[in-house]
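>>> Sequence isn't available, so here's the structure alone:
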């Protein structure tokens, strides 16, 4: 079964600094990968997704992620953090075939310091 | 309003009581899901449904019951609530679960069992 591991339950960056949130997947076949964001007291919102069309995926709010098969990674980045980026971020995976629901990582809480 | 709505947003109940969390979507999505969110565990799938009258267990189904008599509704029932079921519950829906289709989430229900 596929799974994802998010390295670091809490990441803190200064405003204007690079944001890097790490996600590694476990799957024998390259799966579909997602990043979701959760703002306080809200549901999850899709940031971006990888569906094999391109390895570098651009999402909303200036975020992007690069699929690296050799490293089984799908790290989320943003060149310059903004205060409004403070939220919980979840990496998720679904199988390339078969009807299986999304499996989520444990989440990474991003804090942005002024 | 179109979208996916959960009710109630907040609920406090006593141990041993039955409680039902409601989920309604207006997109006519085939698939609906229930996840619970707990600190240190991320989101874990409780149950999901591929269509009306078709449901399947997820990772943590014990203590929960679901039904889906209509495509748009997917209630989650805790038959005899326990303190370990204190959590934030998210309902989600998606058109299909192939091809990297994203899931859309409700705002969540914060359940406290005392």
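That came through, no problem. As the structure is a computational prediction, the values presented were derived from the model and not from experiment.
>>> Near chain A, which residues of chain B are found?
Residues of chain B lying close to chain A by C-beta under 8 Å from any C-beta of the partner chain are B:31, B:33, B:35, B:40-45, B:48, B:50, B:58, B:90, B:92, B:97-100, B:102-103, B:105-108. Glycine gets a C-beta too; all of them are placed from N, C-alpha and C.
>>> Chain neighbours aside, what residue packs nearest to the residue most central in space within chain B?
A centroid search over chain B (C-alpha atoms, centre = their mean) returns residue B:34, at 2.8 Å, as the residue closest to the centre. Nearest non-adjacent residue to residue B:34, counting by C-beta to C-beta, 6 or more residues apart in numbering or on different chains: residue B:46, 4.3 Å away.
>>> Burial check on that neighbour, number of neighbours?
23 (other C-beta atoms under 10 Å in any protein chain shown).
>>> what's it in contact with, if anything?
Shown in contact with residue B:46 (C-beta atoms under 8 Å, 6 or more residues apart in numbering or on different chains): B:34-36, B:58-61, B:64, B:66, B:76, B:89.
>>> Return the member of those nearest to residue A:104.
residue B:35 (7.5 Å; C-beta to C-beta).
>>> And the closest one, how far from residue A:17?
Distance, residue B:35 to residue A:17, using C-beta to C-beta, to the nearest Å: 31 Å.
>>> same check, this time on residue A:52
31 Å.
>>> all strands of chain B, in order?
Secondary structure of chain B (DSSP state E): strands located at B:4-7, B:10-13, B:19-25, B:31-38, B:42-51, B:54-57, B:64-66, B:76-78, B:87-94, B:104-105, B:109-113.
>>> and chain A, which residues reach chain B?
Taking C-beta under 8 Å from any C-beta as the measure of proximity, chain A contacts chain B at A:6, A:9, A:32, A:34, A:36, A:41-46, A:49-52, A:90, A:94, A:97, A:99-107.
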